[in-house]
Every structure is written in C-alpha cells, then in structure tokens.
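**Q** Let's see this in three dimensions:
(2 chains)
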Number of protein chains: 2
Amino acid sequence: MHYPEPISKLMDSFMKLPGIGPKTAGRLAFFVLSMEEEHVLDFAKALVNAKRNLSYCSVCGHITDQDPCSICQDDKRDQSIVCVVQDPKDVIAMEKMREYGGLYHVLHGSISPMDGIGPEDINIPDLLKRLKNDQIKEVILATNPNIEGEATAMYISRLLKPSGIRMTRIAHGLPVGGDLEYADEVTLSKALEGRRDL
Amino acid sequence: MHYPEPISKLMDSFMKLPGIGPKTAGRLAFFVLSMEEEHVLDFAKALVNAKRNLSYCSVCGHITDQDPCSICQDDKRDQSIVCVVQDPKDVIAMEKMREYGGLYHVLHGSISPMDGIGPEDINIPDLLKRLKNDQIKEVILATNPNIEGEATAMYISRLLKPSGIRMTRIAHGLPVGGDLEYADEVTLSKALEGRRDL
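**A** Sure, this is the predicted structure:
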C-alpha cells in the first residue's frame, strides 16, 4: 500500500513461502535492503539454480543435481538393501545418522484413500521394477509412523511377499530422551510389543 | 552435507535472514523446489530489484524508488507539518493509519551514547536544514517510546526551541484494547500524567 513497489513485490514473494505472514515478510524484505548486494545476488542465483538444476533421481527418486544421484552411483554402498521412505527429506535424515550404508527408494507420498492417493500415484511401480534386480536382498520400510505410512508399508510388504525378498519395518517405540509418563498409549503399546531380550 | 549443492546453497542464503535456522531454511528450500518456476524467477528478480532500485529519499530519508519520494512530491499533503520518526517502517505504520496528511523525516536511528551514536550520526543535520524553510510550522516527534527515543526527542526539541517552531511529542498512555491490570508502572504513570478533560 505505502511501500515502494520493489519492496512490496519482494514482500509478496516472501509471503508465498510457508509460515511467512505480512509482518515477517516486511521484516525480511527490509533486512534484504540492509544486506550486501553480493549476498542478495547470491540468494537470487541460489533460488533460480535450485529450481532449475535439481531434479529427481531416475533410479531412487531422491532429489539430485546429477542423474543417477550420488547415493545410487556410490559403489561402496551396500547394493543389497533398499530403504523405502516417503520424502527426500527422510533420506537426508537417514544420512545424517551415518549408520546406514544401503540404497534408498523415495515414494514421494503415501497411500491415502481419503485424499484419493493410490499405489499408482506414488513411486511404487518404479520400486517393483527395481526389485526385479536379483541383487536386492532386503527392503526396509521406513515410511512415517502414522496411518498413511503404516498403510503404505503394509501394502508394499503384502505386494512383495511372493518375491521372497526380506521385508522389514523400522521399530516403533519410545524416542530416546523421551519420558514414559508423557508417551501416548499407542506408542507405549508399540514399545511394549516390540520389547527385546537383554 | 547430504544435500545436493544447489539446495544447500539456497539453505545458506535463507539462513542469512533473521529468525531462520537450519530447520526452517530446509523447509523453505524444499518449498521453493515445489513452486512454479515462474514464481521462483519473480522472487529472484524481486530480491535484486529491491536491493538495486531502492534508495533513501534525499529530502526525508524514507525508502523510495524515486527521488524525492512520493510523499515528498505530493502537493496535496500538508507542507507545514513534519513528523520525525526513527525508521522507514515507522512511516509505513503512520501511513496505514490514513489520518496523517503531513510530511515525514526519517532519522535512521536514535541517539544512543551507550552505542556511540550521537546526533551527527543520525539524520538530524538534514532535519535542521529542512526547518530553515519557513513553511514548516510544527514538528511532531514520533520517535519510539523508549530511553533512546525519548532522549532523541528531547535533544531535537531543545535544539529547535530557539526557532519558535511548534514542537509536539506523540502521546504516551495505555494502548487501545489493553488492560489496566497488565500495564507497567511507567506507562500507567504516563497515562495518568497525560489525562485529558472530558
């Protein structure tokens, strides 16, 4: 309204981002004005580069700037295990752990009949094609521990049972550092159910 | 770390903004990937345009894409009143009110001896030059109601007293919609002190 046009346009762009309202957009836009021009140009370039140079790996569906992605290309990784996740961010969370050395398969969503998302709408057909490769001995289902994630894991495990490949599901239970007192009933029941011998 | 370079660069740029940490930066960067290319290009252009095409008005110091700014150029505004504020955002807050029809003067800061900011470091010399113009009959001191703002208002009012121009300070008191119970002592004392006949 009373902002010069360049700043109101920048605010409009910031407001398109999730969780950024008019107040924050104003604060960010004014901050940009106080930034060094070099950093602003880097920011603008980074935006365009990220949008233009990133795509999904044709093998695993992870986000990448080369095809196949660096994980699929890495010969040192265990080619016999595939971890199935819902989202590229899940791959990054797994990689941060630095303990998993296998491959990934990103579904880009989960089965959700309520939203009209069926098995064909997510990356399941590609997973089936990959599993025809005899190298793969185990599929770890690491979809989210919620209704849609569970349904997706269940669907995939039933679909693949005839193939004889080992299917596993990541464990449910109490998060480390959590408090028994504040755990919800379902988590607690899963933790009890999944108890292990010491 | 495990992000493809274009996305980690974009995250770095987002993290330079105030109040945006690694988690939010990741969320925003992934959101950018899901945006339409057209909107991303608009965003990048808006960043560069805002930085390159905006400057400070040579008359009032408000942020503008033309010099003098649209407020200083507007003949319909009352040329006899100048409202002194600390920041371009304060001009916008005043303009949103739609009740003030005078001019502005933006100081770009406040006197703060603790931070080594004296009267010469903010836009006060320009204000003195402007006030040599006989047209100006009143100066409204609308600096922030805190120690630095008060000190700045006091300094300017003493400096200009000999000129005979009417000097006013915006009222201190309880904010509308506020609660007497929760008001701090200083605000309450100012509200009492500034009481008016009904």
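**Q** What sits closest to residue A:3 if chain neighbours are left out?
**A** Distances taken as C-beta to C-beta, 6 or more residues apart in numbering or on different chains place residue B:92 nearest to residue A:3, at 6.3 Å, with adjacent residues excluded. Where C-beta positions appear, they are placed from N, C-alpha and C, glycine not excepted.
**Q** Doesn't the one you found lie inside a helix?
**A** Yes: counting by DSSP: H, G, I helix; E, B strand; the rest coil, residue B:92 falls inside a helix.
**Q** I figured it was touching residue A:7, is that so?
**A** No: taking contacts as C-beta atoms under 8 Å, residue B:92 lies outside contact range of residue A:7: 9.4 Å.
**Q** wait, what's in contact with the most centrally placed residue in chain A?
**A** The centre of chain A sits closest to residue A:87, judged by C-alpha atoms, centre = their mean, with a distance of 2.2 Å. Contacts for residue A:87 (C-beta atoms under 8 Å, 6 or more residues apart in numbering or on different chains) come out as A:106, A:108.
**Q** So for stretch A:52-64, first residue to last residue, what's the gap.
**A** Stretch A:52-64 has an end-to-end distance of 11 Å (criterion: C-alpha to C-alpha, to the nearest Å).
**Q** what stretches of chain A score poorly on pLDDT?
**A** A:1-2 (pLDDT under 70).
**Q** Next, the angle from the longest helix anywhere in it to helix B:37-53.
**A** Determined from DSSP state H, the single longest helix within chain A is helix A:37-53. Interaxial angle, helix A:37-53 versus helix B:37-53 (axes from the mean of the first three to the mean of the last three C-alpha atoms, to 10 degrees): 170 degrees.
**Q** From chain B, how far out is residue A:107?
**A** Distance, residue A:107 to chain B, using C-beta to the nearest C-beta, to the nearest Å: 16 Å.
**Q** does that residue really touch residue A:85, like I thought?
**A** Yes: if you go by C-beta under 8 Å, residue A:107 and residue A:85 touch, sitting 7.0 Å apart.
**Q** Give me the common contacts of the two.
**A** residue A:143.
**Q** Look at those two and report which has more neighbours.
**A** residue A:85 (26 against 23; other C-beta atoms under 10 Å in any protein chain shown).
**Q** beta partners for the more buried one?
**A** residue A:106 (DSSP bridges).
**Q** the domain parsing of chain A - what is it?
**A** A:5-53, A:74-171 (automatic domain parsing).
**Q** Could you identify which of these is most buried?
**A** By mean neighbour count, with neighbours taken as mean count of other C-beta atoms under 10 Å in any protein chain shown, domain A:5-53 ranks first of the domains of chain A at a mean of 18.
**Q** That one vs chain B: in contact?
**A** Yes: using C-beta under 8 Å from any C-beta of the partner chain, domain A:5-53 reaches chain B at A:5-7, A:9-10, A:12-13, A:16-19, A:24, A:26-33, A:35, A:37, A:39-53.
**Q** again with stretch A:115-122
**A** No: no part of stretch A:115-122 sits close enough to chain B to count as contact by C-beta under 8 Å from any C-beta; the gap is at least 15.6 Å.
**Q** And that stretch, how far out from the chain middle?
**A** 17 Å (C-alpha atoms, centre = their mean, to the nearest Å).
**Q** And for stretch A:115-123?
**A** With C-alpha atoms, centre = their mean, you get 16 Å for stretch A:115-123.
**Q** Next, the distance between the ends of that stretch.
**A** Stretch A:115-123 has its terminal residues 16 Å apart, counting by C-alpha to C-alpha.
**Q** any idea how far residue A:63 lies from chain B?
**A** If you measure residue A:63 against chain B using C-beta to the nearest C-beta, the figure is 6 Å.
**Q** Can you get me a residue count around that residue?
**A** By other C-beta under 10 Å, neighbour count at residue A:63 equals 23.
**Q** my guess is residue A:95 contacts residue A:103, does it?
**A** No: taking contact to mean C-beta under 8 Å, the distance of 11.8 Å between residue A:95 and residue A:103 leaves them out of contact.
**Q** list residues touching both of the two?
**A** residue A:71.
**Q** Neighbouring strands - and their directions - for the following helix or strand past the longest helix of chain A?
**A** As assigned by DSSP states H and E, the chain's next helix or strand after helix A:37-53 is strand A:55-56. Partners of strand A:55-56 in the sheet, by DSSP bridges, are strand A:63-64 (antiparallel).
**Q** ok, then the element right after the partner strand?
**A** Past strand A:63-64, the next helix or strand by DSSP H and E is helix A:70-73.
**Q** How about that next one, which residues are buried there?
**A** A:71-72 (16 or more other C-beta atoms under 10 Å in any protein chain shown).
**Q** Check which helices and strands it is in contact with.
**A** Applying 3 or more C-beta pairs under 8 Å, 6 or more residues apart in numbering or on different chains; DSSP states H and E, one finds that helix A:70-73 makes contact with strand A:103-106.
**Q** Other residues contacting the strand it packs on?
**A** For strand A:103-106, contacts defined as C-beta under 8 Å, 6+ apart pick out A:56, A:60-62, A:71-72, A:77-79, A:81-88, A:90-91, A:94, A:123, A:126-127, A:130.
**Q** repeat for stretch A:51-67
**A** A:68-73, A:88, A:91, A:103-108, A:123, A:126, A:130, B:4-7, B:32-33, B:35, B:37, B:40-41.
**Q** From residue A:102, how far off is residue A:152?
**A** 19 Å (C-beta to C-beta, to the nearest Å).
**Q** Let me have the domains of chain A in CSV, extended by distance to residue B:116.
**A** Shown next, in CSV, are the domains of chain A (distance: least, C-beta to C-beta, whole Å):
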stretch, distance to residue B:116
domain A:5-53, 19
domain A:74-171, 44
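**Q** among the ones you listed, which is nearest residue B:162?
**A** Nearest of the domains of chain A to residue B:162, taken as C-beta to C-beta: domain A:5-53 at 35.9 Å.
**Q** Any idea how far apart the tips of the closest one sit?
**A** Span of domain A:5-53 from end to end, C-alpha to C-alpha: 30 Å.
**Q** what are the bridge partners for residue A:112, then?
**A** Applying DSSP bridges, one finds that residue A:112 bridges with residue A:117.
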